[in-house]
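J.: I need the structure of the sequence given here:
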Amino acid sequence: MQIAILAVQGGSIEHRRKLEKLGVSCTEIRKKEDLKGSFDGLILPGGESTAQARLIRRLDLYDSLKKQIQDGIPVLATCAGLILLAEEVGGGQTCFGTLPVRVKRNAYGRQLSSFHTTAEMKGIGKVPMTFIRAPYIEEVRDGCEILASVDGKIAAVRYGVQYGMSFHPELDEDDRIHEAFLNSIRTRI
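T.: Residues are numbered from 1 along each chain as shown. Have a look, this model is predicted:
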């Protein structure tokens, strides 16, 4: 199994370490040539969504990534990655628009408002969740399944093979979210 991680800006290294710990091979996408290989899943990491969206377009990655997402490659999108996938972004521009949700950017406030909690994740159980200048999902549409909520706000969803989370599972020791993502890929190949 080969997983690609968008690595133009943000927290790609933490996802790579998590996947390597789980014995999975990774490819970092930094330029168009990195998309020529074959991969079984895609991770869109946290970071700054506006910067990531600009770099995706500037580096000519947009069309290829969007096509692969639309064609059904499994995607794990965390924090800024969730914003990149969202169909509608309050307070920002839409990027890929493949996940039928409306998100609110920086919904929990500034960096100082970052927090850590534990909450129930559907199909997994209680998991640690780290929120850093996180968005939250204001609305789900068209068959999008809610996987987790924190304080009445939607924190994780699944739409087909797209998983969007407003928190950073790569920053916690618990591997179950990444394992669940990898298991969803294994059932397809």
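
J.: what about the residue nearest to the spatial centre of the chain, which helix or strand?
T.: The chain has Ala77 as the residue nearest its centroid, 0.7 Å off, counting by CA atoms, centre = their mean. Using DSSP states H and E, Ala77 sits in strand 75-78.

J.: gap between that strand and the chain center?
T.: Relative to the centre of its chain, strand 75-78 is centred 2 Å away, using CA atoms, centre = their mean, to the nearest Å.

J.: now do the residue nearest to the centre of the chain against Glu33, distance only.
T.: 23 Å (CB to CB, to the nearest Å). All C-beta atoms are positioned from the backbone trio N, CA, C, and that covers glycine.

J.: what's the answer for His168, then?
T.: To Glu33, His168 is 28 Å away according to CB to CB.

J.: also Glu48?
T.: Between Glu48 and Glu33 the computed distance is 24 Å (CB to CB).

J.: re earlier: looking at His168 and Glu33, which is more packed in?
T.: Remark: of His168 and Glu33, His168 carries more neighbours, 24 against 8, as counted by other CB atoms under 10 Å.

J.: count of neighbours near the closest residue to Lys32 other than its chain neighbours?
T.: Leaving aside its sequence neighbours, Lys32 sits nearest to Asp60 (CB to CB, 6 or more residues apart in numbering; 4.9 Å). Residues lying near Asp60 (other CB under 10 Å) number 11.

J.: helix, strand or coil for Asp60?
T.: Of the three states, Asp60 takes coil under DSSP: H, G, I helix; E, B strand; the rest coil.

J.: before I go, just wanted to say thanks for your time.
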